[in-house]
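Novice: next one to model:
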Amino acid sequence: MRFNLKSMKIKIKMKIKIAIAIFLLCSSIKAQEISINLSGGPSGILYESSEGNGNLKTGGGLGIGYTYFLNNHWGINTGIDVFYNQNAFKLKEGTTINSYEVDDQMTAFEYRVSPKNYQEKQHFVSLAIPVLLQYRTAMSSQSQWYLGFGGKVLFPGKQTIKASADELQLSGYYPDMDLLVENLPSHGFGKVNNWQDNTSADLKTSLLVSLETGLTFKLKENLQLYTGIFADYGFSDLAKNTENTNIVLYDPNGIENTQANGISGNKTLVQKSNYFSAGLQVKLGFSLKKAKEN
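Specialist: Below is the predicted model of the structure:
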């Protein structure tokens, strides 16, 4: 087991070194500009929910880019961007979430969670690889207008979730007996006050449509400053579907350590979960050779 793990680490390191070597070789041969960028603005998951409200919070990113200019106006841009994303989500008051569980006597029942002031703070780090077609044209001898459009592949890390509620009412309904159990704490039913817990959720790779535009300013012969705005939007849900799961886990051993499960991926609560990011962007572009003439 240790040998396999060590061998795997060596292979990963070799792949990284080969990728860096290829990148540097291509840059020295073809790349006309290497850029470093900083960006910031609302970024995270756009939730569409009939049972709550999600809000984007401010995030920020850092990236390195590589642009091959086809001529004085057109170029192809790629690179690697790392972004910090965050969200807030709050359930509507009066919402009850139902799921099907089995108790410690192996009897199936309907698990009902009725929270008060339930909310989540969420964040995750993502890595994106862009492929953009860039157009630029001169505004003056020292400045240009640029427009980039295309797509990105987004690789999100795990979503970290901090959930809280003023109160959780945990109940069990047994349809065969038409019995509702609301106050049996030692068996997982009862009221929990001032509750909070942390959990995480897996997110899926997504394809984004991307747009950026702004102005460039010539600082030196081979140095450009880019200032502008950007926007990225995901085509598919980021959250993995986990239907029939509740926002907290059922524990037949008691309610003292009620664990969070989160709203991400629960199709009853969240119908859509697309990635969105937009804001301001600043780049420094280092030219490696002059663009081709028309």
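Novice: helix or strand next in line after the helix or strand harbouring Lys152, which one?
Specialist: In this structure, Lys152 sits in strand 143-156 according to DSSP states H and E. Going down the chain from strand 143-156, the next helix or strand is strand 159-174, by DSSP H and E.
Novice: what pairs with that next one, parallel or antiparallel?
Specialist: Strand 159-174 has the following strand partners under DSSP bridges: strand 108-116 (antiparallel), strand 119-138 (antiparallel), strand 179-181 (antiparallel), strand 190-201 (antiparallel).
Novice: out of these, which gets nearest to Tyr66?
Specialist: strand 119-138 (10.2 Å; CB to CB). Heads up, the C-betas are built off the backbone N, CA and C, glycines and all.
Novice: name the residues of that closest one that are buried.
Specialist: 119-120, 122-128, 130, 132, 134, 136 (16 or more other CB atoms under 10 Å).
Novice: in CSV: these, plus distance to Gln196 and pLDDT.
Specialist: Conversion of the buried residues of strand 119-138 to CSV gives the following (distance: CB to CB, whole Å; pLDDT from 0 to 100):
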residue, distance to Gln196, pLDDT
Gln119, 10, 97
Glu120, 10, 97
Gln122, 14, 97
His123, 16, 97
Phe124, 19, 97
Val125, 23, 98
Ser126, 26, 97
Leu127, 30, 97
Ala128, 32, 97
Pro130, 38, 97
Leu132, 42, 97
Gln134, 46, 95
Arg136, 50, 93
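Novice: what is the nearest of those to Gly75?
Specialist: Gln134 (4.4 Å).
Novice: beta partners for that closest one?
Specialist: With DSSP bridges as the rule, Gln134 is bridged to Gly75, Gly148.
Novice: can you check Ser171 too?
Specialist: Applying DSSP bridges, one finds that Ser171 bridges with Arg112.
Novice: so it is in contact with Phe189, correct?
Specialist: Yes - Ser171 is within contact range of Phe189, at 5.9 Å (criterion: CB atoms under 8 Å).
Novice: got any residues that touch both of these two?
Specialist: Val181, Glu182 (CB atoms under 8 Å, 6 or more residues apart in numbering).
Novice: helix, strand or coil for Thr258?
Specialist: Recorded secondary structure, Thr258: coil (DSSP: H, G, I helix; E, B strand; the rest coil).
Novice: and the gap between it and Ser39?
Specialist: 39 Å (CB to CB, to the nearest Å).
Novice: which one of these two is surrounded by more residues?
Specialist: Ser39 (24 against 20; other CB atoms under 10 Å).
Novice: direction included, what does the helix or strand that one falls within pair against?
Specialist: Assigned by DSSP H and E, Ser39 belongs to strand 33-48. Paired with strand 33-48 in the same sheet, following DSSP bridges, are strand 52-69 (antiparallel), strand 272-287 (antiparallel).
Novice: pLDDT on the shortest one, on average?
Specialist: Over the span of strand 272-287, the pLDDT mean works out to 95.
Novice: ok, stretch 44-60 next?
Specialist: Mean predicted lDDT for stretch 44-60 stands at 94.
Novice: what about that stretch, start to end distance?
Specialist: 10 Å (CA to CA, to the nearest Å).
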